[in-house]
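Visitor: Give the three-dimensional model of this entry:
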Amino acid sequence: MATHVLFGFHAVTVRLKTAPGSVREVHVDASRRDARMRQFVARAHEAGARVIDSDDERLQRLAGTHRHQGVVARVDAVFKPRTLDEVLDELPGEPLLLLLDGVTDPHNLGACLRVADGAGVHAVIAPKDHAVAVNATVAKVASGAAETVPYLMVTNLARCIAQLKERGIRVVGTADDASQTLYQADLRGPLALVLGAEGRGMRQLTRTSCDALLRVPMHGAVESLNVSVAAGVCLFEARRRRDA
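Guide: The predicted structure is shown next:
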């Protein structure tokens, strides 16, 4: 079975919680014995994981970065829905989806996944040729959300949008020049929100495929928000409307 690396307290802790049997081994900084590390090691032992004391050089080599927080795990892949149909067919209620067009920075993707998890998004979707895949950096920034939110990479985003429409899901894009604001739009019911990369925005074909466009009203000097911040604003407003 294929293995990959997770690093950082949040990412590894979520895997220990959600799929402890998939954790092959956990490497921890042998020189660190503060309360947070002691609690983490105790949790790893409770989950039945093999805990290995390692030095910083080995941890950096395993994680591929010095930003590992003293925690690196080798884990087996766990099953996640691999197609949009698998996700939608399993949903008990109305879908809430996030589509990302052109987000290639792993830190932005990780932050978007974290926001998506918090807002109860059922899946995050991105095109294979204009996006970053989930890697160790994404998992670290996502603080465990890369383990809980399905991230689907599709061959053609415009075709995916058409499939969503066929299922009765309204597709709403975000654009700085949209006439309607986020707070004027109806965000209830089956919904897919589309955000483009910071600066470039959505590609033209993606934009014209949307049912409607809206903007986040800006009241200061800056013209736009980071994509993960914009995702948080839009998704939690949609969640507020759905829960009202």
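
Visitor: Show me which parts of the helix or strand of the chain with the lowest mean pLDDT are buried, residue by residue.
Guide: Using mean pLDDT, DSSP states H and E, the weakest-scoring helix or strand in the chain turns out to be helix 145-148, at a mean of 84. For helix 145-148, the neighbour count (16 or more other CB atoms under 10 Å) marks 145-148 as buried. Yep, even glycine has a C-beta here, placed from its N, CA and C like the rest.

Visitor: Mind telling me what element T13 is part of?
Guide: Assigned by DSSP states H and E, T13 belongs to helix 9-18.

Visitor: Check which helix or strand D89 maps to.
Guide: D89 belongs to helix 84-90, assigned by DSSP H and E.

Visitor: Break the protein into its domains for me.
Guide: Domains of the chain are assigned by automatic domain parsing as 3-76, 84-243.

Visitor: Would you pull up how far the first one lies from the middle of the chain?
Guide: If I follow you right, that is domain 3-76. Computed by CA atoms, centre = their mean, to the nearest Å, the separation of domain 3-76 from the middle of its chain amounts to 21 Å.

Visitor: Now do the longest helix anywhere in the chain, average pLDDT.
Guide: Using DSSP state H to define each element, the chain has its longest helix at helix 227-243. Mean per-residue pLDDT for helix 227-243: 94.

Visitor: Contacts for that helix, please.
Guide: Here helix 227-243 makes contact (CB atoms under 8 Å, 6 or more residues apart in numbering) with 94, 96, 98, 100, 103, 108, 111-112, 114-116, 118-121, 174, 182-183, 186-188, 191, 193, 195-198, 216, 224-225.
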